[in-house]
Structure formats: structure tokens, C-alpha cells
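**Student:** could you work out the structure for the sequence below:
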Amino acid sequence: MTNSPGTFRNPIVAQGADPWVIFKDGYYWYCFSDHKRSIYIARSERLEAIGEAKALCVWQGPADSSYSAETWAPELHQLDGRWYIYFAASDGHSATKNHRLYVLESISPHPFGPYRFKGPISASSDRWAIDGTVLDLGHDRRYFIWSGWDNVENTQQNLYIAKMKNPWALAQQPEAVQHFDLTRAKIYPPTSKKKLSDSFQLTVGAASLKFELELEKDDTYCLEVHYAHGHALSASLLLTVGYELGVSVLLPPAGLKNWQSAQKKIFLKKGKHEISLKAALLDASIRGITLSPYGADRILISSPTQIWEKRGGPPFINEGPQILRADPRSVSDLAPASSSSLHLIYSASGSWTDDYTLARLSLEGSDPLDAGAWRKVGPVFSRTKEVFGPGHASFTRSLDGTEHWIVYHSAQEQGSGWRRQVNLQRFHWNERDEPEFGQPEAPGQIHIAPGASRFKRSWREGA
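**Tutor:** Modelled structure (predicted):
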């Protein structure tokens, strides 16, 4: 099929995945990988024609390195006057489970580069990580968001956020992170059990675990509880510091042996403290806790707890985070002055299934590092009888900035899994500044191209 002037049909890229498109200097820049070693960039004056534009290979991972294979989801960002590409890669040996995130920096001021390798970008936990993106709010408020494992096993992918020190490093303080496993715990009231094993079962109405620590300064901290339980609903712990009133820590469903983490933001004063953990609602197994300065390391903002986030698993999936905001600026202005009407669109459920879907986290407040400030809504863009596995989107606008467009991938056909194509669809905002995507439109239909409606207000198929 050929498109008439000012129209297009989906898919706009017959074979492609994880589409990243931005607009700059009169062009749409399409960044993608071959899922092997290479990263490409193509540019087009028309959004619907990104798949027809000539692509330039801007990076190829060196052979026999930790980032020489399985290059996934590259994203192109302009920060501090330079271009950066964030991508995930591994050495190609799945048994090592070593997918990590890396950064390229442009040597010239042009998106086509050339680029130099800056290195890995990682939290101190150094766990499996993919799908890195940047939230830039200006005024020293820049954050990195990605999908990663809580532990070293492929049981679940969560979404994490951390403050950035610069475009190629996180503002973490790994030396300030303290880990407290069960060798440093006490049981209260004391029992005849003299030595704790790798985990301890906290039972409602029974014993609690206590950890002693000493802090060098007053500060806000992130306390991370490492847990597992087999309940269908969230368990709950009562967290008490010293003799202060306890607070509740929710433990979302995880599985009996699927160790996960739950985080709580707390303020602690300088000196010695005793932290007590007690089961408040349903039993749970505990391995220990980690304490780090708030914002110094990765903050968990979403994990797959809903039924629609768990289809096809385990492993259970939250991935592909993308920033979307209802900011009435031009298409080329990507950094808002505030965090109002700020959303994070992400992909959920197994990426290999027809039920892969998009969901939304909306920031309610001004601090992206406050895990409790993100409100989950979903699903917001799901499969139909003709479109399967819609996910991993990016967002841009028409040339005049008046139309909002989602660029996303879907399965080429029912049951085709990771064989994907790239699609384009217009969306709108409601009165609450929330995006409304509708449902994926069937392939092959004729649509008015981005910006063309300004010149062709009354178009009908076949005219």
C-alpha cells in the first residue's frame, strides 16, 4: 500500500521494537538498535516516515566485552549541550544475567555524533537493569529511571529512580549504605533459638526482629526491607524506631521464595537506634534490612502487584518507563519548570505475550524520589482483537506542537511474541491533564498524518 499525501497507515516500521523518537531542529530523530551490537539513528522531516529514512550506525559495541551483545532500547537525550545515548547490553551469555545500562556521549554537537563510550550507569546495588530514561526538571533536579531486578534472580522487574550527579553518573553514596542481615538481628522476646538462619518468619502476634544501628548525622533515610510471602494480598509490618510511634510498611505479594524489597522513607536523628519489625497483617519471611541516605541510591517506585501486570509470568514485569507531561510548550522544549501534570508511562506483563500493556504512574506532589507520591493507573493502552502486545512507547508532537502522538510497538500478529512492528497514533488530554490513548487502531487503516489536519480539516476515506 502507498500513502496519499498527508496520510499514513500502521505499521510505520514493519520490523522494529522499543521505538524512541524525539523532535529537534526541524527533524524527528529515531534511535533504535539491531538487538545485537549496533545502535542506529535516522532523521525525518515527517514523523510517519521515520521508517523510510536512511539510518546511520552511530555505535557498535566491541567484541568480547560486557556490552557487546543484546543491545536493547537505546534512547537519545540532549543534556547540558551534548547528546547522550542510554542503552542496555550484555556479553551475550544469559547464564551470567549481566544486562546493565551504559552511556554514550557525543563528541560533536550533532545527534549523529560521533560518540564515545562513557561507561556504565548504575546504582550501588549493581543489579540487572534495562530501559533507562531521564526525567529532567531543571534546577539540579535530574533523575534516572529504569527497570531492574531486586535480586540476582529473574523473578520480577521493578521500576527504580535515582538522582543524577551528571548525565553519565548517579548521585549515589554507596559508602553510606548499611546492610543488616539476620546475623545482626535479635529476636524479641528471646527464644531458645540461638542462631538465626538466612530468613526469619514474622508471625502476627508473635516475636519481632530488632536491629541496632548508629548514625553519624540527622538525615532522611530510605529503609529497605527484604521479604517474601505467599499471600495473594499485601502483608504489613509495624516498623518502630526506638520508642517512637510505629509506622506501617506494606509488603506487596511476592511469592514464598521470590525475595523482594519494600521501602520506607524515615527521618532519623544522630546516635544509636533500635529498629523493630513486627508482623501486623499476615505473616512474612524477612532476610534483613538496608539503610541508605534518602535519594542516595535507587528508590523503588513500582512493582508488578496487579493481576494485569502479572500476565505471562513469572517473571513479572514492569519495564519501558517513559516520561509524559501535559506541558503547553513547544515540541522541542523537553524540560518543564515544575513537576505538575507529570506522568510515567510504562509497560507491564510479559513482553512475550499478547497481553503486554501500557500503564501509568502519575506524580502527586513535587518529589519524584518519594515512592508514595506516584499513583498507579492501569492498564491505559491494551490489546484488541486486531492489535496484540502494545507496549514500550515514546511520545512526541506534530511540527506545530498542537498534536500529541504516541509511538509504540506491537506484535506483528497474534502469538508472535518478540517479532514486532512500530506504530503511530494520536492521543488527547482530559480536563485533569491526564493522557487518554483510547485503544490501538487496527493496522492498515488510513490516518491523517501529524500536522496534516491543519491543512485538511475534512478528510474522509476514499476521497
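**Student:** what does stretch 356-364 contact?
**Tutor:** 159, 301-302, 308-309, 312, 339, 342-350, 373-383, 389-391, 393, 408, 411, 434-435, 437 (CB atoms under 8 Å, 6 or more residues apart in numbering). The way it works is simple: take the backbone N, C-alpha and C, and place the C-beta from them, glycine included.
**Student:** if you could redo that for stretch 441-457, that was the one I meant.
**Tutor:** 1, 3-4, 6-11, 46-48, 384, 386-387, 397-400, 402-403, 405, 421, 423-426, 459, 461.
**Student:** kindly recompute the last result at 6 Å.
**Tutor:** Residues from elsewhere that reach stretch 441-457, judged by CB atoms under 6 Å, 6 or more residues apart in numbering: 6-10, 47-48, 386, 398-400, 403, 405, 425, 459, 461.
**Student:** just the C-alphas of that stretch, formatted as PDB.
**Tutor:** C-alpha atoms of stretch 441-457 as PDB (Å, rounded to 0.1, in the frame of the first residue of the first chain):
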ATOM      1  CA  GLU A 441      -6.100   1.200  16.000                       C
ATOM      2  CA  ALA A 442      -6.200  -1.700  13.600                       C
ATOM      3  CA  PRO A 443      -3.300  -1.900  11.100                       C
ATOM      4  CA  GLY A 444      -3.800  -0.800   7.500                       C
ATOM      5  CA  GLN A 445      -6.300   1.900   8.300                       C
ATOM      6  CA  ILE A 446      -5.700   5.300   6.700                       C
ATOM      7  CA  HIS A 447      -5.000   8.100   9.100                       C
ATOM      8  CA  ILE A 448      -4.300  11.800   8.800                       C
ATOM      9  CA  ALA A 449      -0.500  12.400   9.200                       C
ATOM     10  CA  PRO A 450       0.800  14.500  12.100                       C
ATOM     11  CA  GLY A 451       0.100  18.200  11.400                       C
ATOM     12  CA  ALA A 452      -1.800  17.500   8.200                       C
ATOM     13  CA  SER A 453      -5.200  18.200   9.800                       C
ATOM     14  CA  ARG A 454      -4.300  21.900   9.800                       C
ATOM     15  CA  PHE A 455      -4.400  21.900   6.100                       C
ATOM     16  CA  LYS A 456      -7.100  19.200   5.500                       C
ATOM     17  CA  ARG A 457      -9.800  19.600   8.100                       C
END
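**Student:** where are the low-confidence patches of the stretch 201-350 of the chain?
**Tutor:** For the stretch 201-350 of the chain, the stretches with pLDDT under 70 are 295-296, 327-340.
**Student:** and N423, how many neighbours does it have?
**Tutor:** Neighbourhood size, N423 [other CB atoms under 10 Å]: 23.
**Student:** buried members of the contacts of stretch 441-457 into PyMOL, please.
**Tutor:** Selection of the buried residues among the contacts of stretch 441-457 in PyMOL, burial being defined by 16 or more other CB atoms under 10 Å:
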select buried, resi 6+7+8+9+10+47+48+398+399+403+405+425
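**Student:** take the contacts of stretch 441-457 and keep only those in strands.
**Tutor:** T7, F8, R9, W405, Q425 (DSSP state E).
**Student:** pretty sure the second one is touching L47, no?
**Tutor:** No. Taking CB atoms under 6 Å as the definition, F8 is not a contact partner of L47, at 8.7 Å.
**Student:** so who does F112 touch?
**Tutor:** L56.
**Student:** let me know the closest of the ones in strands among the contacts of stretch 441-457 to H77.
**Tutor:** Ranked by distance to H77 (CB to CB), those are led by W405 at 18.7 Å.
**Student:** who does the closest one bridge with?
**Tutor:** Applying DSSP bridges to W405 yields these beta-bridge partners: T396, R426.
**Student:** list the contacts for it?
**Tutor:** Counted by CB under 6 Å, 6+ apart, W405 has contacts T396, R426, P450.
**Student:** swap the cut-off to 10 Å and go again
**Tutor:** By CB atoms under 10 Å, 6 or more residues apart in numbering, W405 lies in contact with 21, 28, 47-48, 331, 393-398, 424-427, 450-451.
**Student:** one more: S44?
**Tutor:** Going by CB under 10 Å, 6+ apart, S44 touches V21, Y27, Y28, W29, Y30, I50, G51, E52, A53, K54.
**Student:** how about stretch 384-397: buried residues?
**Tutor:** Here stretch 384-397 shows V387, F388, G389, P390, G391, H392, A393, S394, F395, T396, R397 as buried, counting by 16+ other CB under 10 Å.
**Student:** I'd like the average pLDDT over it.
**Tutor:** What stretch 384-397 shows for mean pLDDT is 96.
**Student:** for this protein, which strand is longest?
**Tutor:** The chain, longest strand under DSSP E: strand 255-268.
**Student:** direction included, what does it pair against?
**Tutor:** strand 219-229 (antiparallel).
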